[in-house]
Structures are given as structure tokens and as C-alpha cells.
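> Sequence below, structure please.
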Amino acid sequence: MKKILHILVLSQISGSQRISLDILRNLPNDEFEKHVLFGTEIKGDKRQECQRLFEEAGVKVIYLNSLKRSIGLSDLSAATAIYKLCRKERYDIVHTHSTKPGIIGRIAATVAHVPIVIHTVHGLAFHDYIKFPKWQFYWLCEMFASCFCDHIVLVNQYYKKYFKWFKHKTCTIYNGVDFSQYHDIKYLTKQEGHEPTIKILFVGRLDTQKDPLTLLKAAQIVIRAIPSVQFTIVGNGELYDTCKQFIHANNMEEYINLAGWQNDVGPFYEKHDIFVLTSIYESFGLIFVEAGYHYLPIVTTNVEGIPEVVKNGKTGFLSNARDYKKIADYIIQLAKDPQLRIKMGENAHVWVSEHFSIKQMVDKYIDIYNCKK
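Now for the predicted structure:
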């Protein structure tokens, strides 16, 4: 039996945590002893829910106080603790996720002589929207850490250009979704198109990356063109109050609902007609797979890995980042054309079902765990 450790920073169910959970949950219990290591920055219900889900999947949950998201002196303590843990537990595989654990976790596991060290790049800290000194620092850290692993898994093809020196280690494994978790999709309701109000959905953290203010600027244009629209924004974050103030200042309360954080987004997909996300950078976006599976045409941005998930002109429309006028134009086009919405929704459902299933993802990770290329 192989002993495997996944390392993440935040103990809450979001992008990289969901992928880790799905991988571990679907590993054969008679072949793998499964552990996961988290930092302790997340408290309360989110942490308890995360721990519960991992434990239900047969995973031993470990916490490390010194493993933090920000860079600091605690990183040395965290690396030392991970090294000692690897030596004590004699892991066969260590799999790190995201930037911080990907740096200190890979180094510690390699120094501890773990036979197989894997890192999944869920996103890069050096993107187009940070200043060059920081970009260069993060790039150097990523390149240095890449020397300390056997496999680098990218969630898109786009990132390959940054890992040319390590192309012998890299492969692309697209994220997958467990479609069996969704009950029968109410597709006929969408197809009939009897509802006079066009409902538009945004799901994501309200932060700089997701750029919700661009959505709100686009919404102003859409509302003027089509008064019978309703926007729902699901999520919270540091820009929540800014968004709320913008909506109030522009008298948009009647048209925009700030729904806050939701544990179950499924019912929102089923009740809306168009999905919109305005990210300025995005490695993959599980949210697009979920929306597409629910027959939603998508309006989003042409950045990083998004064009590999959303096919422009087929399953949705892609705009330049922060181009709120073009985003508004695409929303209006879909809002006025129910047949186009139906066609793109059908295409999206077929596309994501065929290319982004959880089985495809897990099978490829198992091949790596079993040292198959």
C-alpha cells in the first residue's frame, strides 16, 4: 500500500482543495493510505466542513500552525516540520497544491527523500497584473522549487510557456467535476424560454482577480438596453462592500442581488439563463465546467486557461479583461436571442461532459502516482 500526503494552505473547500479532495476520495482505499496537511489560518465552520469532507473520504487530516499563506519567517519552521513529518511517516508520494506549499513542501519532501514528489500548478503568482519586481521574485521562486520535484502538473496548456526548462517534468491534467452530484438538470425549463426576465449569474470571490466591478459596469449598460434583466452575484470577499456601494450609488438594487457565500450553487445554475465571470487572470475555472454542465452559455474573459474551457463562439463569448462594454454587448446579444442561448447551452453541456469529468482527471493522477507517463 502506498502512503500519500497532499499539502495545502487553507482548510476550506475552494478550487485547489476541491481538486485534492476529489483525487483522494477516488483513490482505491486498498492501494493508498491517504493524508492531507493544512495550515490553521481558517477557523470555524469552513474549517470544520473541510475536515469533515476529507475524513469522510478516508483521509487523515493534519494541521500545521507554521504553514501560512503569506511569506515570512514561519516558512522555515513549516519546511522543517514538513521534512520531519515526511521522515516520520515515510510517505511514498507527496503532492503539493498552489504556490506556498508548492515551494516549501516540494523542497522539504525532496530533502526527506520522498520517492515521488508532485506539484499541481493551480495558478501562478506571477501574472500580468503585478509589478515586475514582484513578478520576477515569484517567477524565481517557482523555477527554483521546480528543481525539487518529479512531476509538475499544469491545469492548462497556457502555462507550459513558463516551464520550458522543465518540460520533461510537465504535463497538463484538466480539472474535473463529479457530474453525478447533480440531479437531473431542468433543461426543458430553460429551453422553453417562457420567463420574461433574463437572469444572469456571477459566481466567484469578490476580489481583484474576479474583478466584479467590471461586471457591475457592464450591468449598467445591460439594464439600460434590457430593463427585464436580473443579476445575481454569489460570493463574498474584500470587494463586497465596494460592490454594494456601487450598486446603491447607481440605483441598481432592483436589478442586482448580492447573494453572498453559498455552500450549494446548484440551484442558482438551474434558475439562471446566462453565466458571467470577469476574471483578469484564471488558470482554469471549475465554475465554467459547472455552469456549462447546467446548459448555461458563458460570457467571460480571454485570459490564461479560460479559452481551453470556454470555446469562443461555441459555448460562450470571450472578451478582453476589463472591457465592460464588450462584456455588456455579449450579454445583450444572448439576452435578446433565446435560440442562441439554447444552442450555446447545449454545446457547453456536451463539451464539458466529454472533456472535464472527474474520472478523466483522477485516472491521469493515478497514472502519475503509479509512475506511468
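> show me where the stretch 151-300 of the chain has helices.
Remark: helices assigned in the stretch 151-300 of the chain by DSSP state H, counting those that start in this stretch are 187-192, 212-225, 240-249, 266-270, 286-293.
> Looking at these, which is nearest to Ile4?
Set against Ile4 and scored by CB to CB, the helices of the stretch 151-300 of the chain come closest in helix 286-293, at 22.1 Å. Where you see a C-beta, it was placed from the backbone N, CA and C, and this is true even at glycine.
> contacts for the helix or strand harbouring Lys134?
Applying DSSP states H and E as the criterion places Lys134 in helix 132-145. Here helix 132-145 makes contact (CB atoms under 8 Å, 6 or more residues apart in numbering) with 99, 102-103, 106-107, 119, 124-127, 130, 162, 165.
> For these, could you give me TSV that also reports distance to Phe179?
TSV is the format used below for those (distance: CB to CB, whole Å):
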residue	distance to Phe179
Thr99	29
Gly102	28
Ile103	34
Arg106	32
Ile107	37
His119	27
Leu124	28
Ala125	31
Phe126	33
His127	30
Ile130	35
Tyr162	31
Trp165	37
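> ok, of the residues you listed, which come out buried?
With neighbours counted by 16 or more other CB atoms under 10 Å, the contacts of helix 132-145 contain buried members at Thr99, Gly102, Ile103, Arg106, Ile107, His119, Leu124, Ala125, Phe126, His127, Tyr162.
> Tell me the spatial nearest neighbour of Glu89, not counting adjacent residues.
Spatial nearest neighbour of Glu89, chain neighbours left out: Lys3 (6.5 Å); criterion: CB to CB, 6 or more residues apart in numbering.
> Please settle this for me: is the one you found part of a helix?
No. Counting by DSSP: H, G, I helix; E, B strand; the rest coil, Lys3 is not part of a helix but strand.
> mind listing what it touches?
So Lys3 contacts Phe32, Glu33, His35, Glu89, Arg90, Tyr91, Asp92, Ile93 (CB under 8 Å, 6+ apart).
> Out of these, which is nearest to Val362?
Closest approach to Val362 among the contacts of Lys3 (CB to CB): Phe32, at 11.6 Å.
> what residue ranges in this structure score low on pLDDT?
Along the chain, segments meeting pLDDT under 70 span 183-195, 372-373.
> mind running it again at 50?
188-189, 191-194, 373 (pLDDT under 50).
> For the host helix or strand of Ala109, name the packing helices and strands.
In the assignment (DSSP H and E), Ala109 maps to helix 99-111. With contacts taken as 3 or more CB pairs under 8 Å, 6 or more residues apart in numbering; DSSP states H and E, helix 99-111 sits against helix 74-89, strand 93-97, strand 116-121, helix 132-145.
> partner strands of the third one, parallel or antiparallel?
According to DSSP bridges, strand 116-121 has the following sheet partners: strand 93-97 (parallel), strand 151-154 (parallel).
> Single out the most deeply packed of those.
strand 93-97 (a mean of 28; mean count of other CB atoms under 10 Å).
> From Ile366, how far out is the closest residue to Tyr162 other than its chain neighbours?
Leaving aside its sequence neighbours, Tyr162 sits nearest to Leu124 (CB to CB, 6+ apart; 6.9 Å). Leu124 sits 26 Å away from Ile366 when distances are taken as CB to CB, to the nearest Å.
> Same question for Arg25.
According to CB to CB, Arg25 and Ile366 sit 13 Å apart.
> sorry, back to before: of all the helices and strands packed on helix 99-111, which one is nearest Glu304?
With CB to CB, the closest approach to Glu304 among the helices and strands packed on helix 99-111 belongs to strand 116-121: 11.1 Å.
> Other residues contacting the closest one?
So strand 116-121 is in contact with 16, 19, 92-97, 102, 105-106, 109-110, 145-146, 148-155, 159, 173, 283, 368-369, 371, going by CB under 8 Å, 6+ apart.
> do you know which of the strands paired with strand 116-121 lies nearest Ala225?
strand 151-154 (39.4 Å).
> Residues contacting that closest one, please?
116-121, 146, 160, 163, 166, 169-173, 365, 368.
> And that strand, how far out from the chain middle?
Computed by CA atoms, centre = their mean, to the nearest Å, the chain-centroid distance of strand 151-154 equals 16 Å.
> returning to what we had before: dump the residue contacts of the residue nearest to Tyr162.
For Leu124, the contacting residues are Thr99, Tyr138, Glu142, Tyr159, Tyr162, Ser283, by CB under 8 Å, 6+ apart.
> could those go into CSV alongside distance to Asn65?
Formatted as CSV, those follow (distance: CB to CB, whole Å):
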residue, distance to Asn65
Thr99, 19
Tyr138, 24
Glu142, 25
Tyr159, 31
Tyr162, 32
Ser283, 28
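> pretty sure Asn347 contacts Lys311?
Yes. The pair Asn347 / Lys311 is scored as a contact, 7.4 Å apart, by CB atoms under 8 Å.
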